[in-house]
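Colleague: below are the sequence and a predicted model; questions follow.
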Amino acid sequence: MLNSKDQEIVRELKLDLKIRHLEQIIKEWLSEALDAREAKSKLMQEESKPLLTIEDIAKKFKVTKATVHNWKNKGSIVGQKFGKNRYFTEDEVRTSMAKFGFSKQWDNQFEN
């Protein structure tokens, strides 16, 4: 059995270990977030057109976000994932829609 002084030392060591672990988790999260932001920025610079979100695509095609998620899950549209979000280029969406026979019906959506 440890005396009270030794117990206090053990508690402090455990607390220090928990704090160090949390610091590592936060550093990793920040690093991932910064990498995602940098990758998104780089892609936006490479592409002359803005990136579209799932919500943007849903509005343009007058469908629900769930429908766009279904397209994504089926592989109809792919996009790039940055952090928690997924982004699509207009060209990517046009190509995907043409591949599945929607180009004639919805090609003018990007002109609006």
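Modeller: Structure received.

Colleague: what's the helix or strand containing E12 packed up against?
Modeller: Following DSSP states H and E, one finds E12 within helix 4-46. Under the contact criterion of 3 or more CB pairs under 8 Å, 6 or more residues apart in numbering; DSSP states H and E, helix 4-46 touches strand 80-82. Every residue, glycine included, has its C-beta placed from N, CA and C.

Colleague: ok, residues contacting the strand it packs on?
Modeller: Residues outside strand 80-82 that contact it (CB atoms under 8 Å, 6 or more residues apart in numbering): A36, R37, A39, K40, L43, L51, R86, Y87, F88.

Colleague: pLDDT and neighbour count for those residues - can I get that in JSON lines?
Modeller: Shown next, in JSON lines, are the contacts of strand 80-82 (pLDDT from 0 to 100; neighbours: other CB atoms under 10 Å):
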{"residue": "A36", "pLDDT": "82", "neighbour count": "16"}
{"residue": "R37", "pLDDT": "81", "neighbour count": "12"}
{"residue": "A39", "pLDDT": "77", "neighbour count": "14"}
{"residue": "K40", "pLDDT": "74", "neighbour count": "17"}
{"residue": "L43", "pLDDT": "67", "neighbour count": "14"}
{"residue": "L51", "pLDDT": "83", "neighbour count": "19"}
{"residue": "R86", "pLDDT": "87", "neighbour count": "18"}
{"residue": "Y87", "pLDDT": "87", "neighbour count": "19"}
{"residue": "F88", "pLDDT": "88", "neighbour count": "21"}
